[in-house]
Structure formats: C-alpha cells, structure tokens
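**Q** Fold the stuff below for me.
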Amino acid sequence: MTIDEELSHLDAQLRRLKIEYEIYFSNPSKKPPADIEWKVLALLRKFSDGAKMNATQRYRYNEMAQRYAIYSDLWRKKSRIREEGYRRPQDALLSIQGLRPEEREPEHKVYGVRAAALAAVAAEEEKPFSMACSDPKSERERVQKLYEALTSAKKKTGESVSGTAESFAAFVQKKTEQIRKQHGCQAVEYTVEVLDGQVKLKAKAKV
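**A** This is a model prediction of the structure:
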C-alpha cells in the first residue's frame with residue numbers, strides 16, 4: 001500500500017470504530033470493539049513520526065489523530081459511566097448521546113503529528129480498569145469484564161492472549177480466596193493497567 005492508501009484505510013477504520021462504539025454503548029450485551037481499535041492505534045503509531053509523509057499527508061494524518069484523541073476521551077468517560085452507573089444527571093446524557101459541542105475539543109490540546117499520535121496512544125494508558133471482587137463464583141459478570149479488560153489491553157499493546165475465560169475465572173477464584181485468607185479482608189481489588197507498554201494485572205486486599 002502507498003501512504004495515501006494506508007491513510008485512507010486508517011480513516012475508514014476510524015469511522016468504523018466510531019460506529020462500533022455507538023453500537024456498543026446502546027447494547028448492554030455488546031463487547032467493546034477492541035480489535036478495530038487496536039488496528040487504528042497500530043496505524044497511528046506507524047506514522048507517528050511523519051518522516052515519510054508530505055505536508056498534505058501530515059495534515060491528513062494529524063486530523064485523524066486529533067479526531068481519535070477526542071473520540072477516545074469520550075469513550076473512556078462513557079465506559080466509566082457504563083461500568084459504575086450514573087452519578088450525575090449529565091452522566092445519563094453523556095451515555096446516550098453522541099459527541100456534544102462542548103466535547104469536541106480534547107481536555108489537553110495537542111499539536112504536531114507526533115504529539116497528536118502520542119496523545120491518542122497515551123489516552124489508552126491513562127486510566128487503568130479496576131474492580132473489586134469478593135466471591136467470583138457469584139460475580140461471574142464482573143470477572144468476565146475483568147477478563148475482557150485484560151485481553152483488550154493485551155491486544156492493544158500487541159501482547160499475545162493466552163488462556164480462556166474459564167481458566168481466568170478459576171485463577172481469580174483461587175487468587176481471591178488466597179488474598180482474603182491472608183489479609184482477612186472481605187474483597188480483593190483487581191487492576192488492569194499498562195506500564196511502559198506492558199499489561200499488568202494487580203490484585204490487592206480491599207480494606
């Protein structure tokens with residue numbers, strides 16, 4: 001593919017990703033479009049230095065990187081509301097509507113091809129997924145969300161995903177029992193975060 005063709009492919013993937021997220025937020029049983037988002041991020045990283053592009057191509061790429069950064073910020077907010085429930089009246093509006101006028105600018109403006117791309121990629125690493133679990137056997141849905149968050153993070157960073165949802169649930173069950181017994185706590189807090197490009201799953205006693 002030429003650079004123009006790859007940029008067109010990136011644009012098409014970004015448009016598809018936006019549609020898939022809209023479907024995801026309107027359907028409680030739908031899974032987030034992690035595969036498509038990983039492809040978008042891979043292309044953003046590929047052209048982040050802008051070295052092989054002319055001025056027109058850099059402008060086009062920069063616009064798409066900026067667009068992804070804005071979308072990503074909105075999706076993170078809506079995902080947090082979806083996981084935690086509505087806390088404020090405006091949260092309900094954000095969860096069911098598209099991009100509002102006041103949401104059209106990112107919280108921190110980024111300029112230049114490299115800055116825009118890095119801002120978009122860094123957005124994926126800013127806020128780790130976290131959840132508390134006290135009885136994995138009766139909290140299967142929560143364990144499933146933790147598994148999805150872990151596999152999604154690994155796909156985005158290019159790490160291989162090993163093990164099934166069932167084997168992961170067994171691991172969480174054993175780990176939860178171990179930490180609860182060791183610390184005498186009621187629940188265990190699990191966190192999925194990306195540090196230096198590597199996915200980490202952490203578990204600690206929740207006081």
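
**Q** Buried residues, the strand or helix carrying E141. List them.
**A** E141 is part of helix 140-157, with elements assigned from DSSP states H and E. Residues of helix 140-157 classed as buried: 142-143, 145-157 (neighbour count, 16 or more other CB atoms under 10 Å). In this view, the C-beta of every residue, glycine as well, is placed from N, C-alpha and C.

**Q** Quick one: low-confidence residue ranges for the chain.
**A** Applying pLDDT under 70 to the chain picks out residues 28-29, 82-127, 157-158, 196-197.

**Q** hang on, the earlier thing: now, which of the buried residues of helix 140-157 sits nearest Q57?
**A** K156 (24.7 Å; CB to CB).

**Q** Now do the nearest residue to the closest one once chain neighbours are set aside against V143, distance only.
**A** Spatial nearest neighbour of K156, chain neighbours left out: W38 (4.9 Å); criterion: CB to CB, 6 or more residues apart in numbering. Distance, W38 to V143, by CB to CB, to the nearest Å: 23 Å.

**Q** again with L43
**A** From L43 to V143 the distance is 32 Å (CB to CB).

**Q** do the same with Y71
**A** Distance from Y71 to V143, by CB to CB: 29 Å.

**Q** Do I have it right that K206 meets Q186?
**A** Yes. If you go by CB atoms under 8 Å, K206 and Q186 touch, sitting 7.3 Å apart.

**Q** With neighbour numbers in mind, choose between these two.
**A** K206 (16 against 12; other CB atoms under 10 Å).

**Q** Report the beta-bridge partners for the more buried one.
**A** A187 (DSSP bridges).
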